[in-house]
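Student: For reference, the sequence and a predicted model appear below.
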Amino acid sequence: MGKDTQITQGLIDAVMPYMEYSENTAYIIDPLLKINRTRVNAEFCRSLLKIDPEKYKETIAGLVQWILANQNNDGSWNEEHPNYNKPSALITAIVGETLLEYSAGSSDISIMNSLSRACNYILSQEFAPGYFKKSQENFTDCLNVNATCGAFLAEYGLLTKNSDVFRSAKNAAHRVCYYQYSNGAYPYTPHERGYPYKYHFDVPCVHYQGVTLFYLSKIYQVIPEPWLKESMLRGTKWLAQVQNEDGHFDWSKSGLMFAYYLTGAYAFAYAVFSFHTRWIPEYQENASKCLNILERNCPSYALRWETASWTSFFVPRLITLRSAWLGDYPLRHRLFRIGYGYYHQISRRRVGSRVDEKTFLALCRILHISSSTIEPTNNFPDMFMTSEILDCLSSARCDVR
């Protein structure tokens, strides 16, 4: 059994006890945050479909029924966080991919109808060619969101032979590639500020580099344009260059502070490196190193952040200073970014089984920060990160077969 299979099975076994069954539906309740996330259900379902659809047949069917029952009237699904629950094009695209996977070889009318409504909703959220509004209250031009929506539209366009859907998928890839830096990194957003944020997020990010490439690779499998391949190769080269010899990423090259040290970065990178071995076999070593880091950070289900010892605290302080200085920001905001980075450096070293949110909520009030997520003062087993990692590992297994 390979290491990827061991990690995958370990995560599935850790999640299954939190599966709730009600009549003909199944869904996962986050044991710490006590919320039921559409994205977690969809990604977990897609993982089971790729790993062993026969073994998990009952659970898959229940998850699909829950997904169908929770689609909004406008065709969307909600993005749920501890402080937020609104319709989202991003989540709708992720759920749509799961239904496409489930419906392969099937002509189930309810699934086809759901997919059609989901497609129409996503297209209605396209503000400019290839630019999809992330959610009902987030108008930011996030490149990873564009890539994710494009991936669903490409796969759905292939199924329906719809040229308009194909065009939107291609526009999404074009937009992402247009904003790529000359060194191969993709910024989280272009330089323009997006509502509701005070500042732009025109900075590179290790985590979202992997996310963006992961979904671009899905578009490429349907629309294999040479310009897209060239962009992906440059993007993957940047990701390889910011990986240290021991497998850890150099987070000083990553300037998006709310995605700092996320464990899922190694899963997305693993899937990306595995996919790109078809062109550059040497990336298999980079992929293997990612698995080593994931193994250390998945004691049951996955930790939120890449953990570290207190004895190693001095060097990360310097890393955070370099991270916080990336991007074009006023001094006051740079100082905030430094504080945010140090907060994460402390939190990721304090591993616990509870989510201590009081300190973060107090800081939000003091600094007038509005946040949909919780940034506790301790690292914790995170169901959200777990479903992302499972989705990446199971997708990579299918890609390299």
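Tutor: Okay, I see it. Residues are numbered from 1 along each chain as shown.
Student: Surely C392 touches A265?
Tutor: No. Counting by Cβ atoms under 8 Å, C392 does not reach A265; the two are 10.1 Å apart. Backbone N, C-alpha and C define where each C-beta goes, glycine included.
Student: Now do the contacts for T25.
Tutor: Listed by Cβ atoms under 8 Å, 6 or more residues apart in numbering, the contact set of T25 reads 62-63, 65-66, 69.
Student: Compile those residues into CSV and extend it with columns for distance to L153, neighbour count and pLDDT.
Tutor: Listed next are the contacts of T25 as CSV, based on distance: Cβ to Cβ, whole Å; neighbours: other Cβ atoms under 10 Å; pLDDT from 0 to 100:
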residue, distance to L153, neighbour count, pLDDT
G62, 27, 22, 97
L63, 23, 26, 97
Q65, 25, 17, 96
W66, 24, 22, 97
A69, 24, 11, 96
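Student: What is the least confident helix or strand in this structure?
Tutor: helix 358-367 (a mean of 60; mean pLDDT, DSSP states H and E).
Student: circling back: now flag whichever of the contacts of T25 is closest to F273.
Tutor: L63 (28.8 Å; Cβ to Cβ).
Student: all helices for the stretch 151-300 of the chain, in order.
Tutor: 163-178, 206-222, 226-241, 264-276, 283-296 (DSSP state H, counting those that start in this stretch).
Student: Mind listing what's buried along the last one?
Tutor: Read that as helix 283-296. 283, 286-291, 293-294 (16 or more other Cβ atoms under 10 Å).
Student: That helix versus helix 226-241: what angle between them?
Tutor: Helix 283-296 and helix 226-241 are oriented at 50 degrees to each other (axes from the mean of the first three to the mean of the last three Cα atoms, to 10 degrees).
Student: what about dumping the CA coordinates of helix 283-296 to PDB?
Tutor: The C-alpha trace of helix 283-296 is given here as PDB (Å, rounded to 0.1, in the frame of the first residue of the first chain):
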ATOM      1  CA  TYR A 283       8.200  16.200 -10.200                       C
ATOM      2  CA  GLN A 284       7.500  12.800  -8.700                       C
ATOM      3  CA  GLU A 285      10.100  13.600  -6.100                       C
ATOM      4  CA  ASN A 286       8.300  16.900  -5.300                       C
ATOM      5  CA  ALA A 287       5.100  15.000  -5.000                       C
ATOM      6  CA  SER A 288       6.600  12.400  -2.600                       C
ATOM      7  CA  LYS A 289       8.000  15.100  -0.400                       C
ATOM      8  CA  CYS A 290       4.500  16.600  -0.100                       C
ATOM      9  CA  LEU A 291       3.100  13.300   1.100                       C
ATOM     10  CA  ASN A 292       5.800  13.100   3.800                       C
ATOM     11  CA  ILE A 293       4.600  16.500   5.200                       C
ATOM     12  CA  LEU A 294       0.900  15.400   5.000                       C
ATOM     13  CA  GLU A 295       1.600  12.200   6.800                       C
ATOM     14  CA  ARG A 296       3.000  14.200   9.800                       C
END
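Student: how about the strands in this structure?
Tutor: Ranges of strands in the chain, per DSSP state E, are 19-22, 25-28, 77-81, 84-88, 126-128, 131-132.
Student: Among those, show me which one is buried the most.
Tutor: Here the criterion is mean neighbour count by mean count of other Cβ atoms under 10 Å, and of the strands of the chain the winner is strand 131-132, at a mean of 24.
Student: and that one, what does it pack onto?
Tutor: If contacts are counted by 3 or more Cβ pairs under 8 Å, 6 or more residues apart in numbering; DSSP states H and E, strand 131-132 sits against helix 143-160.
Student: W238 against N183, yeah?
Tutor: Yes. Between W238 and N183 there is a contact under Cβ under 8 Å: 5.9 Å.
Student: Neighbour count: those two, which is higher?
Tutor: Comparing W238 with N183 by other Cβ atoms under 10 Å, the one with more neighbours is W238, at 19 against 12.
Student: quick one, what contacts the spatially most central residue of the chain?
Tutor: Nearest to the mean C-alpha position of the chain, counting by Cα atoms, centre = their mean, stands V211 at 5.4 Å. By Cβ under 8 Å, 6+ apart, V211 lies in contact with 144, 147-148, 268.
Student: ok so, going back, so which of the strands of the chain comes closest to S347?
Tutor: That would be strand 77-81 among those, by Cβ to Cβ, at 17.4 Å.
Student: ok, that closest one: who's next to it in the sheet?
Tutor: strand 84-88 (antiparallel) (DSSP bridges).
Student: what's next to the partner strand, contact-wise?
Tutor: 72, 74, 76-79, 121, 134-137, 372-373.
Student: try 10 Å this time
Tutor: With Cβ atoms under 10 Å, 6 or more residues apart in numbering as the test, strand 84-88 has contacts from 35, 37-39, 72-80, 94-95, 121-122, 125, 133-138, 145, 370-373.
Student: Check these for burial and list the buried ones.
Tutor: Neighbour counting with 16+ other Cβ under 10 Å marks 37-39, 75-80, 94-95, 121-122, 125, 133-136, 138, 145 as buried within these.
Student: Give me the pLDDT value at the residue nearest to the centre of the chain.
Tutor: As predicted, V211 sits at a pLDDT of 98.
Student: do the one 3 residues further on as well
Tutor: Per-residue confidence for F214 comes out at a pLDDT of 98.
Student: What of S312?
Tutor: Reported pLDDT for S312: 81.
Student: Just give me the neighbour total for it.
Tutor: S312, neighbours per other Cβ under 10 Å, totals 10.
Student: cool, and the one 3 residues further on?
Tutor: Other residues near V315 come to 10 when the count uses other Cβ under 10 Å.
Student: What separation do you get for it and S168?
Tutor: 45 Å (Cβ to Cβ, to the nearest Å).
Student: what residue ranges in the chain are flagged as low confidence?
Tutor: When residues are selected by pLDDT under 70, those of the chain lie in 1, 105-106, 355-374, 398-401.
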